[in-house]
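Visitor: Sequence plus predicted model, see below.
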Amino acid sequence: MTGFMGLGKKNDVVLTVRDADVVAAALRQALEQASPQERPGLEHAAALVEATAAATDSRLRARWVRSRLAAVGFTGDITSVAAVKALRQAEPELSLLAAVRLQKEAVAHPE
């Protein structure tokens, strides 16, 4: 999950909040009480959470940028000026500087 610092103004700071440890703990607890039929699915879910938790903040922001671009229907070149414009359309609170920095992270971490 990502959020912005400050209210009612353009923002240059994007805050990444991680809660994968809470989800992982819940899955471990569920695994302790799981029936044999439930275990494979819960083990797979736990592995997915561990892989997601290992992602860097930069990679998470890149993923977030792509999701925000998709939300406004952007399908063009992520390195383009149009991508920055679409990102700012998706998140009007972003300053131009923040949008460009986020764009660079998305370019650096292709999916």
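Guide: Nice, thanks for sending it over. Residues are numbered from 1 along each chain as shown.
Visitor: List of residues touching the helix or strand P40 falls within?
Guide: Secondary structure from DSSP states H and E places P40 in helix 39-53. Contact partners of helix 39-53, identified using CB atoms under 8 Å, 6 or more residues apart in numbering, comprise 18, 20-21, 23-24, 27-28, 30-31, 34. Backbone N, C-alpha and C define where each C-beta goes, glycine included.
Visitor: same thing but 10 Å
Guide: 18-28, 30-35, 59-60, 63 (CB atoms under 10 Å, 6 or more residues apart in numbering).
Visitor: Return the subset of these lying in helices.
Guide: 20-28, 30-33, 59-60, 63 (DSSP state H).
Visitor: May I ask which two of those are separated the most?
Guide: By the measure CB to CB, Q33 and R59 form the most distant pair in the ones in helices among the contacts of helix 39-53, at 32.7 Å.
Visitor: re the thing from before, list only those of the ones in helices among the contacts of helix 39-53 flagged as buried.
Guide: Listed as buried from the ones in helices among the contacts of helix 39-53 are 23-24, 27, 59-60, 63; burial here means 16 or more other CB atoms under 10 Å.
Visitor: any chance of those residues in a markdown table, with pLDDT and distance to E105 too?
Guide: Formatted as a markdown table, these follow (pLDDT from 0 to 100; distance: CB to CB, whole Å):
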| residue | pLDDT | distance to E105 |
| --- | --- | --- |
| V23 | 87 | 24 |
| A24 | 87 | 25 |
| L27 | 91 | 28 |
| R59 | 89 | 8 |
| L60 | 87 | 9 |
| R63 | 91 | 10 |
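Visitor: Can you tell me which of those residues is nearest E91?
Guide: So of those, ranked by how close each gets to E91 (CB to CB), first place is R63, at 14.4 Å.
Visitor: residues touching the closest one, list them.
Guide: Contacts of R63 by CB under 10 Å, 6+ apart are 2, 52, 55, 105-106, 109, 111.
Visitor: change it to 8 Å
Guide: 55, 109, 111.
Visitor: for the protein, what are the low-confidence residue spans?
Guide: 1-17 (pLDDT under 70).
Visitor: let's see it at 80
Guide: By pLDDT under 80, the low-scoring segments of the chain are 1-18.
Visitor: which residues touch stretch 68-78?
Guide: So stretch 68-78 is contacted by 65-66, 82-83, 86-87, 89-91, 103, 106-107 (CB under 8 Å, 6+ apart).
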